Each structure stands twice: as C-alpha cells, then as structure tokens.
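I would like to see how this sequence folds:
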Amino acid sequence: MPEASRVHAVITGRVQGVGFRYFVLRSAKQLGLVGWVRNRTDGAVETVAEGDRQALERFVNELKTGPPMGWVQSVSVQWQPAENDLVNFVIEPTAYI
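Predicted coordinates:
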C-alpha cells in the first residue's frame with residue numbers, strides 16, 4: 001500500500017464565486033482523498049488534502065487548472081507528512097484571514 005502524504009495549498013486568482021470549492025470537492029473525491037476546502041476573506045481558496053502521493057500530485061495539477069469559469073493565478077503548495085486525522089472531504093466555512 002502506498003504511503004500517505006498531505007498537501008496544503010492556497011489558490012489565488014478568480015477562485016471565488018465560480019464554483020471553485022465544488023470543483024475541488026469533486027476532484028478530491030474522484031481521487032480518493034480526504035480533507036477540506038474553504039474560501040478565505042482575502043479572496044483566496046485554501047485546501048488540505050491527504051492520501052496517496054500520486055493522487056495528491058494529480059490533485060495539485062487540477063488545482064492549477066480550476067473550473068471553466070475560474071482563473072488561477074497561483075497555487076502555493078506545502079507538502080507535509082500525513083496526520084491521518086481526516087475522514088472525508090468537506091467544504092469548510094470561510095476562514096477570516
């Protein structure tokens with residue numbers, strides 16, 4: 001069984017009001033990942049996902065593309081060891097940042 005990893009990403013651009021969180025949710029579920037996604041008050045979208053490293057790399061590539069109505073300016077990615085504290089992939093409330 002492949003070793004699990006975690007990725008924390010912050011996405012900027014036209015990423016709010018275009019279905020970006022639902023795009024991330026669908027992508028994560030299709031790839032078998034667990035974690036969360038949320039809007040931030042600074043206009044970015046933030047996500048944490050955990051799972052197989054290869055699936056996470058595909059996930060990050062999806063984040064760089066985004067949904068058809070969105071426009072991704074940048075994706076800041078931090079790779080971390082898996083913490084195994086996530087059960088499902090969910091949309092979290094907005095973070096006040």
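
Where does Asn61 fall, secondary structure wise?
In this structure, Asn61 is located in helix 53-65 according to DSSP states H and E.

Pull the distance from that helix to the chain's centre.
With Cα atoms, centre = their mean, to the nearest Å as the basis, helix 53-65 stands 9 Å off its chain's centre.

any idea which helix or strand comes after it?
Counting by DSSP H and E, what follows helix 53-65 is strand 71-81.

Pull out the buried residues from that following strand.
Buried residues in strand 71-81, counted by 16 or more other Cβ atoms under 10 Å: Val72, Val75. From N, CA and C alone the C-beta is placed, and that goes for glycine too.

Tabulate the CA atom coordinates of it in PDB.
This file holds the C-alpha atoms of strand 71-81, laid out as PDB (Å, rounded to 0.1, in the frame of the first residue of the first chain):
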ATOM      1  CA  TRP A  71      -8.800  31.700 -13.400                       C
ATOM      2  CA  VAL A  72      -5.900  30.500 -11.400                       C
ATOM      3  CA  GLN A  73      -3.100  33.000 -10.800                       C
ATOM      4  CA  SER A  74      -1.000  30.900  -8.400                       C
ATOM      5  CA  VAL A  75      -1.000  27.800  -6.300                       C
ATOM      6  CA  SER A  76       1.200  27.800  -3.200                       C
ATOM      7  CA  VAL A  77       1.800  24.200  -2.100                       C
ATOM      8  CA  GLN A  78       3.300  22.800   1.000                       C
ATOM      9  CA  TRP A  79       3.900  19.000   1.300                       C
ATOM     10  CA  GLN A  80       3.600  17.500   4.700                       C
ATOM     11  CA  PRO A  81       3.600  14.100   6.300                       C
END
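
tilt between that strand and helix 53-65?
Counting by axes from the mean of the first three to the mean of the last three Cα atoms, to 10 degrees, strand 71-81 lies at 160 degrees to helix 53-65.
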